[in-house]
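J.: Here you go, sequence then predicted model.
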Amino acid sequence: MITKVKEPYYEMGYNLLAGIVVDEELKDQLEAILKDARTKIGVLIMKNRQHIKETNTGLAYPRGKQTSFNIAEPKRSFDLDLGKRMYLLDGAMSMRKVEHLFETDERMTNDKIKAFAQRAIEDELDEMEDGHE
């Protein structure tokens, strides 16, 4: 049976914990470590600009295989400056609440899990629209 987990769980921004979510107690400890790391990384980057390149990313398909690449090029009108790039790094190195966490005690196909999750999320949205939450 698949159910929605009611207790709050957290993940590192942009799924950087690679499939590990943590409870509130561990989240607080990880946040303290990440805050220190963000500060140290920020200082290191800003003091060593000669050692960095600001890049954009793209995808290419050599021999049909999706491959990401970085490109350092002259800035365009809407490119992020270094300060905004650092702000994105802050978001990546922070903890954020997992909005929808489900748990099951049996192996299921991905299609069955996705169908359950979609229906459960849609039911929540319907309840919120009806003013029940």
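T.: Yep, it's here.
J.: tell me what the helix or strand of the chain with the lowest mean pLDDT is packed against?
T.: Ranking every helix and strand in the chain by mean pLDDT, DSSP states H and E puts helix 82-92 at the bottom, with a mean of 88. Contacts defined by 3 or more CB pairs under 8 Å, 6 or more residues apart in numbering; DSSP states H and E place helix 82-92 against helix 24-47. For glycine as for every other residue, the C-beta is placed from the backbone atoms N, C-alpha and C.
J.: Give the pairing partners of the next helix or strand after the helix it packs on; include direction for each.
T.: Sequence order places strand 56-60 as the next helix or strand after helix 24-47, per DSSP states H and E. Using DSSP bridges, strand 56-60 pairs in its sheet with strand 67-71 (antiparallel).
J.: Return the distance of the partner strand from the chain's centre.
T.: Centroid separation between strand 67-71 and its chain, computed with CA atoms, centre = their mean, to the nearest Å, is 20 Å.
J.: Also stretch 72-84?
T.: With CA atoms, centre = their mean, you get 22 Å for stretch 72-84.
J.: Give me the average confidence score over the helix or strand just after the least confident helix or strand of the chain.
T.: Downstream of helix 82-92, the first helix or strand assigned by DSSP H and E is strand 95-97. Averaged across strand 95-97, pLDDT comes to 93.
J.: packing partners for the following helix or strand past strand 95-97?
T.: Reading on from strand 95-97 to the C-terminus, the next helix or strand found by DSSP H and E is strand 102-104. Applying 3+ CB pairs under 8 Å, 6+ apart, we find strand 102-104 packed against strand 2-4, helix 110-129.
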